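> Could you look at this predicted model? Sequence included:
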Amino acid sequence: MENKTEKFDKHEIIQCVNGSLSDRIAYLMKGRSVRQVAEDWKVGASTINAYIKNGSVPNLNIARNIADKENVSLIWLATGFSEPKQSDFKEDFSLIPEYNAKNPDRRESVRRLAYSRNWLEHRGFKENDLVIVWAKGDGMEPTIHNNDTLVVHKGRNKLHDGNIYIFRNRDELFVKRYQNALGSWRLISDNPLYDRLDVTREEQDQFEVVGQVVHIAKDIAD
């Protein structure tokens, strides 16, 4: 039988069935923190982050070690052509796409993270309503830290006091806590070092409410 993988170059193999290599690595994390996975796989935490967020590719020895540790085939990890040994990827997990500020409607060929379908059902979430945003900066500390993973519900874009939302201004995203201030949007940083921002009615059409932050995943160490 002809080996299908021989038809693909390196880039195509990484991006083929079941998403990208970073999708499959995120799936194999199974809800563990980057720190825990790094310990389990004997790989640096910064290296794991590079696989997930930057699309870096592990060398063969590391890939084989990951596959052995998680009881999946090396072929599946590298190409996605065969299913994991222990569970059905598509049935058990949803791949939530990263929100692309420059092209919000783009859901294909972007970075994704795997979330359990059981968790989505428990929270009452629909897969297509969710996107991933990685936090930047310290404006929302101590609630949200730099590089925390934020799950954002795009269906919840009507503002309610006290909730945290992702706002978009052109190609820029920022995360703030909302308060109604007599018709103005009062956008609050949880970090007291930052001033609040009042957005008047006339200015509000410059902003898009991407959605409400409904889940925060964070690492506790590099």
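Noted; the coordinates are in hand. Residues are numbered from 1 along each chain as shown.

> how about the strands in the protein?
Ranges of strands in the chain, per DSSP state E, are 93-97, 112-116, 130-134, 149-153, 164-169, 172-181, 184-188, 197-199, 208-217.

> for the second one, packing partners?
Helices and strands touching strand 112-116, by 3 or more CB pairs under 8 Å, 6 or more residues apart in numbering; DSSP states H and E, are helix 21-29, strand 93-97, strand 130-134. Any C-beta I mention is one placed from the backbone N, CA and C, and that applies to glycine too.

> Direction included, what does that strand pair against?
Partners of strand 112-116 in the sheet, by DSSP bridges, are strand 93-97 (antiparallel).

> report the angle between the axes of the strand it pairs with and strand 130-134?
Using axes from the mean of the first three to the mean of the last three CA atoms, to 10 degrees, the direction of strand 93-97 lies 60 degrees away from that of strand 130-134.

> quick revisit: nearest to residue 51, of the strands of the chain?
strand 112-116 (11.9 Å; CB to CB).

> Now that closest one: buried residues?
For strand 112-116, the neighbour count (16 or more other CB atoms under 10 Å) marks 112, 113, 114, 115 as buried.

> again, but for stretch 126-144
Residues of stretch 126-144 classed as buried: 130, 131, 132, 133, 135, 139, 140, 141, 143, 144 (neighbour count, 16+ other CB under 10 Å).

> now stretch 187-204
Buried residues in stretch 187-204 (16+ other CB under 10 Å): 187, 188, 189, 190, 199.

> Now do it, average pLDDT.
Taken as a whole, stretch 187-204 has a mean pLDDT of 94.

> So for residue 136, what's the pLDDT?
At residue 136, the model reports a pLDDT of 91.

> Residue 146 is in contact with that one, correct?
Yes: using CB atoms under 8 Å, residue 136 is in contact with residue 146, at 6.2 Å.

> Could you give the number of residues near residue 120?
Applying other CB atoms under 10 Å, we find 18 residues neighbouring residue 120.

> Just flag the most distant two among the buried residues of stretch 126-144.
Going by CB to CB, the pair spanning those furthest: 130 and 141, at 23.9 Å.

> now the end-to-end length of stretch 179-194.
Terminal residues of stretch 179-194 are spaced 16 Å apart (CA to CA, to the nearest Å).

> Distance from that stretch to the middle of the chain?
Centroid separation between stretch 179-194 and its chain, computed with CA atoms, centre = their mean, to the nearest Å, is 26 Å.

> what do you get for stretch 40-48?
Taking the mean of its C-alpha atoms, stretch 40-48 sits 18 Å from the chain's own mean (CA atoms, centre = their mean).

> quick one: least confident helix or strand in the chain?
helix 10-15 (a mean of 32; mean pLDDT, DSSP states H and E).

> Excluding chain neighbours, give the residue nearest to the most centrally placed residue in the chain in space.
What sits nearest the mean C-alpha location of the chain, by CA atoms, centre = their mean, is residue 132, with 3.9 Å. Spatial nearest neighbour of residue 132, excluding adjacent residues (CB to CB, 6 or more residues apart in numbering): residue 98 at 4.8 Å.
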